[in-house]
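J.: Only the shape, not the letters, is given here:
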């Protein structure tokens with residue numbers, strides 16, 4: 001069993017299990033909290049935004065199946081915005097999201113970004129915990145009920161990665 005990264009697009013059929021599972025996750029956690037179906041977030045941005053030179057979409061593959069993944073798009077000239085970080089529900093708590101996060105940060109540095117920005121929802125405490133434990137700074141008051149904020153923004157300086165970011169090993173498995 002070997003895991004490897006596949007750089008692709010959200011339109012790749014191998015990405016569909018990720019998209020469907022993440023849509024289900026948003027729907028079950030948020031419903032219509034923001035005045036629209038939570039799954040609307042999954043179609044908010046065109047796939048081209050997650051492609052080089054300004055973005056990336058990566059799947060962590062195992063035995064031909066996507067087990068985790070994530071993406072980023074351009075936020076501003078020096079900032080990539082992370083989106084769609086996800087791990088298969090049966091494989092959580094194994095560090096796979098950390099592996100994907102590290103790959104996305106490194107790829108963002110390869111593409112010239114020096115900062116990462118992201119938001120996660122207030123009903124995703126495991127995501128907020130992941131970001132805080134991997135060096136992200138909360139851009140909100142962490143001492144109050146997260147629902148007050150709705151969306152929880154984070155940032156991280158990745159400028160140190162630019163000097164050490166090797167080209168990715170791409171796998172099509």
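T.: That came through fine. A quick note: this is a predicted structure, and the numbers were derived from the prediction, not measured. Numbering: from 1, shown residues only.
J.: buried set for the helix or strand residue 84 falls within?
T.: Per DSSP states H and E, residue 84 falls inside strand 79-87. Neighbour counts using 16 or more other C-beta atoms under 10 Å place 79, 80, 81, 82, 83, 84, 85, 86, 87 of strand 79-87 among the buried residues. Quick note: C-beta positions are derived from backbone N, CA and C, even for glycine.
J.: can you map out the strands along the protein?
T.: Secondary structure of the chain (DSSP state E): strands at 3-7, 56-62, 65-76, 79-87, 115-121, 137-138, 151-157.
J.: Which one, of these, ends up nearest to residue 23?
T.: Of all the strands of the chain, it is strand 79-87 that lies closest to residue 23, at 10.2 Å by C-beta to C-beta.
J.: got a list of contacts for that closest one?
T.: For strand 79-87, contacts defined as C-beta atoms under 8 Å, 6 or more residues apart in numbering pick out 10, 18, 21-22, 25, 45, 50, 55, 57, 67-75, 94, 96-97, 100-101, 104, 108, 111, 113-118, 127.
J.: remind me which residues of the protein are low pLDDT?
T.: The model of the chain has pLDDT under 70 over residues 1, 34, 38, 164-173.
J.: let's see 90
T.: Within the chain, the set of residues satisfying pLDDT under 90 comprises 1-2, 17-45, 84-95, 121-126, 141-151, 161-173.
J.: where along it do the helices fall?
T.: 16-30, 96-110, 125-133 (DSSP state H).
J.: Output those as JSON lines; include the columns distance to residue 62 and mean neighbour count.
T.: Formatted as JSON lines, these follow (distance: least, C-beta to C-beta, whole Å; neighbours: other C-beta atoms under 10 Å):
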{"stretch": "helix 16-30", "distance to residue 62": "12", "mean neighbour count": "16"}
{"stretch": "helix 96-110", "distance to residue 62": "9", "mean neighbour count": "20"}
{"stretch": "helix 125-133", "distance to residue 62": "20", "mean neighbour count": "15"}
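J.: closest to residue 41 out of those?
T.: For these, proximity to residue 41 was assessed by C-beta to C-beta; helix 16-30 is nearest, at 5.9 Å.
J.: Give the other helices and strands that the closest one contacts.
T.: Other helices and strands packing on helix 16-30, by 3 or more C-beta pairs under 8 Å, 6 or more residues apart in numbering; DSSP states H and E, are strand 65-76, strand 79-87, strand 115-121.
J.: Adding distance to residue 140, write the ones you listed out as a markdown table.
T.: Listed next are the helices and strands packed on helix 16-30 as a markdown table, based on distance: least, C-beta to C-beta, whole Å:
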| stretch | distance to residue 140 |
| --- | --- |
| strand 65-76 | 17 |
| strand 79-87 | 16 |
| strand 115-121 | 10 |
